[in-house]
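Student: Just the structure for this:
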Amino acid sequence: MTGKESSTTDSHRGGGPAVEHGGGAPAKRPRTIRRRLLLITGGVLGIGVLGAGAYAANFAVAYRGRKLSNVGDLSFANKVRIPPLLEGKDDGSGRRVFELTARKGKSELLPGKQTSTWGINGAFLGPTLRVRKGQKIAVSLTNDLPEATTLHWHGMHLPADMDGGPHQMVRPGETWRPEWEVAQPAATLWYHPHPHQSTADHVSRGIAGLFIVEDDEADRAGLPGSYGVDDIPLILQDRAFDDDGSIDLRGASFLQSLAGVGSPGVLGDKILVNGTYDPHVEVSTTLVRFRLLNGSNARSYNLAFTDSREFHLVGQENGLLEQPLPLRRLQMSPGERAEIVVKFEPGEKVVLRSYPPELGLSFPTKRFGGGEDTFDMIEVRAKARLTTSPPLPGRLRGAQAAITVPADAKVRTFDFNSTVINGKGMDMSRIDEVCPAGKVEIWEVSGDAEVVHNFHVHGLTFNVIDYGGRKPDAWLKGPKDTVRVPPGGTMRLAVALPPYTDPKTPYMFHCHILRHEDVGMMGQFTVVKPGTEGSAPRSVEASHH
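Tutor: All right, here's what the predicted structure looks like:
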């Protein structure tokens, strides 16, 4: 119900029988004491505070209350809000200029309740930015919030000092003006804040939006492409709310936290799509392209239609697939995007639902991590008369070729354990890796057996070479920048490093479970001229503008 908003400045498994999502959970390997401490800290503290009997009773209550579902609770009464499209203004020099303001506001997210929210150019969320490959763009971001923040262009290939990471903080009342040339194929990207130790709260309050890149080849791919008509963005987010309608930034009471609730961050019991609660979307064509974004802080979704209809995956985080991939389910961890094309018949209704995701966890972390939750996301209503769409092509123009890995590719390893990477928490002044510009490397990422993690790298595209010790399923083979880490296993990524060199400004790699990122599960890498890695600095200023 985001139609009633005001700014203060303005008054698993995927793919049905033949295609499994993630291939099941790989064999779990032993982890360190640090990981065990994360899992049992709440229990030890709870026993000390409550006593064994009281703790057991509290745990039982907390455990029973964390199997969440909204199925049967919704009437799909509200037309989903389509974020406004912003394509920038030509400044006369060939640049497209985007003027953005981060601001406070009030939004009616739940019926009859006013919620204090943040947004970009509005009270909650932000516009969809759309650009074309080869365009030079300039952004003017003014911070009218009470706190310093950033705006990170998630998935965009651009110089590190334009990336909007934690080194590009914008203080209240200041304006940040990054500029770059769009130098990547068509893709569905997004933007969100990235302040060190506060990202989860800033995203929860409402700052996020899509960033669509188009190009000439993808225009000729034959996909639905009329924004808001047959090319529809769906930003999927969960939220927890207090009784007064305010957004709950903690997600667990004191007693629940003693039992272990809240370790991945807030897992809300209310679903918002494009900021709309209890939503439906009306479609008018026989084929519809949905651009899906998991914009949640910690929740994974296992998406399918309630009639088990087939849909086609046509794009992932960093671009189109070579050919449409038929699926019946698709699992998405926080930060991942997917473009799907769905066929509809006149007059029909169907619900997009998230079934319990395959997280690879056991008792009790499976339930506490959202692994038993089921949510209706949005109802799709087809009009009585539909415009006939062109058929979905067998192959997609504009798709990127797979990344070619040289025989002598450098291998880097990243061990995700508890809330640290390679045994180290985030240090804003430490450079963890120095990488040669334009090269292709293999990054091996290992996962904690009982904690959900995923892996996002700024400024580049990677392909999954293998996942949990075997070839990746088809839905994992496209151009990506975010992927779930196999629990207790290892994945190998072909990483195409950025061409932009800057020995003093780092890019980030981190878990995109935002609480994990905030408490230290993040590292930094710089990109330098090949051959100069040994002489590049290993420390930088802790923050700069």
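
Student: Please name the residues that touch the residue nearest to the spatial centre of the chain.
Tutor: Nearest to the geometric centre of the chain sits G335, at 1.0 Å (C-alpha atoms, centre = their mean). The neighbours of G335, taking C-beta atoms under 8 Å, 6 or more residues apart in numbering as the test, are H154, N294, N454, H456, T482, H512. (Glycine included, C-beta is placed from N, CA and C.)

Student: N454 is in contact with the last one, correct?
Tutor: Yes - here H512 lies in contact with N454, judged by C-beta atoms under 8 Å, at a distance of 5.1 Å.

Student: Of those two, which one has the most company?
Tutor: Neighbour tally, H512 and N454, criterion other C-beta atoms under 10 Å: the higher count belongs to H512, 27 against 23.

Student: Quick check, pLDDT for the residue nearest to that one when sequence neighbours are not counted.
Tutor: Nearest residue to H512, sequence neighbours excluded (C-beta to C-beta, 6 or more residues apart in numbering): G335, at 3.9 Å. pLDDT recorded at G335 is 98.

Student: Please enumerate the strands of the stretch 151-300 of the chain.
Tutor: For the stretch 151-300 of the chain, the strands defined by DSSP state E, counting those that start in this stretch cover 152-154, 175-176, 179-181, 187-192, 209-214, 231-239, 270-273, 276-277, 279-285, 287-294.

Student: if we compare the ones you listed, which one ends up closest to Y500?
Tutor: Counting by C-beta to C-beta, Y500 lies closest to strand 179-181 out of those; the figure is 9.0 Å.

Student: Residues contacting that closest one, please?
Tutor: Residues contacting strand 179-181 (C-beta under 8 Å, 6+ apart): R95, G134, Q135, K136, I137, A138, V139, M156, L158, P159, M162.

Student: nearest to A56, of these?
Tutor: M156 (49.3 Å).

Student: which non-adjacent residue is nearest that closest one?
Tutor: L189 (5.6 Å).

Student: Show me the beta-bridge partners of the one you found.
Tutor: With DSSP bridges as the criterion, L189 is bridged to F211.

Student: Settle this for me: it is touching W153, isn't it.
Tutor: Yes - L189 is within contact range of W153, at 6.7 Å (criterion: C-beta under 8 Å).

Student: about what we covered before: what separation do you get for the residue nearest to the centre of the chain and V203?
Tutor: Computed as C-beta to C-beta, to the nearest Å, the G335 to V203 distance reads 10 Å.

Student: neighbours around Y55, how many?
Tutor: As a burial measure, Y55 scores 21 neighbours (other C-beta under 10 Å).

Student: same question but for A57, I mixed them up
Tutor: Using other C-beta under 10 Å, the number of residues around A57 comes to 12.

Student: Surely it is within a strand?
Tutor: No - secondary structure assignment (DSSP: H, G, I helix; E, B strand; the rest coil) places A57 in helix, not in a strand.

Student: that older thread, please determine how far the residue nearest to the centre of the chain is located from E214.
Tutor: From G335 across to E214, the span is 21 Å (C-beta to C-beta).

Student: Please apply the same query to R177.
Tutor: R177 sits 24 Å away from E214, taking C-beta to C-beta as the criterion.

Student: angle of the lengthiest strand in the chain against strand 187-192?
Tutor: The longest strand of the chain (DSSP state E) is strand 95-110. Angle of strand 95-110 versus strand 187-192, following axes from the mean of the first three to the mean of the last three C-alpha atoms, to 10 degrees, is 70 degrees.

Student: what about the nearest residue to D90 once chain neighbours are set aside, neighbour count?
Tutor: Sequence neighbours aside, R96 is the residue nearest to D90 in space, at 6.3 Å (criterion: C-beta to C-beta, 6+ apart). Using other C-beta under 10 Å, R96 is surrounded by 20 other residues.

Student: just V411 next, same as before
Tutor: V411 - counted by other C-beta under 10 Å - has 9 other residues nearby.

Student: before we move on, what about V71?
Tutor: Other residues close to V71 by other C-beta under 10 Å number 11.

Student: Can you pull out the low-pLDDT segments for this structure?
Tutor: 1-50, 543-545 (pLDDT under 70).

Student: what about the helices in it?
Tutor: 33-50, 52-64, 199-205, 216-219, 254-259, 365-368, 514-518 (DSSP state H).

Student: follow-up on the earlier one: got any residues that touch both of L189 and W153?
Tutor: Common neighbours of L189 and W153 (C-beta under 8 Å, 6+ apart) are F211.

Student: quick revisit: overlap in contacts, H512 and N454.
Tutor: Contacts common to H512 and N454, judged by C-beta under 8 Å, 6+ apart, are S333, P334, G335, T482.

Student: Do I have it right that the second one meets L267?
Tutor: No - assessed by C-beta under 8 Å, P334 is found out of contact with L267, at 11.0 Å.

Student: which of the two has more neighbours?
Tutor: Using other C-beta under 10 Å, the more surrounded residue of P334 and L267 is P334, with 29 against 24.

Student: Most neighbours among the contacts of strand 179-181, which one?
Tutor: Among the contacts of strand 179-181, the one with the most neighbours (other C-beta under 10 Å) is M156, at 26 neighbours.

Student: What count of nearby residues applies to V540?
Tutor: 19.

Student: if I pick the residue lying closest to it once chain neighbours are set aside, what's in contact with it?
Tutor: The shortest distance from V540 to any non-neighbouring residue, by C-beta to C-beta, 6+ apart, is to K504 (5.6 Å). By C-beta under 8 Å, 6+ apart, the contact set of K504 is T526, P537, V540, E541.

Student: wait, what's in contact with the closest residue to the second one other than its chain neighbours?
Tutor: This points to P537. Nearest residue to P537, sequence neighbours excluded (C-beta to C-beta, 6+ apart): P503, at 5.8 Å. By C-beta under 8 Å, 6+ apart, the contact set of P503 is V434, T526, V528, T532, A536, P537.

Student: Is V445 in contact with G489, as I believe?
Tutor: No - in this structure, V445 is not within contact of G489 by C-beta under 8 Å, at 9.6 Å.
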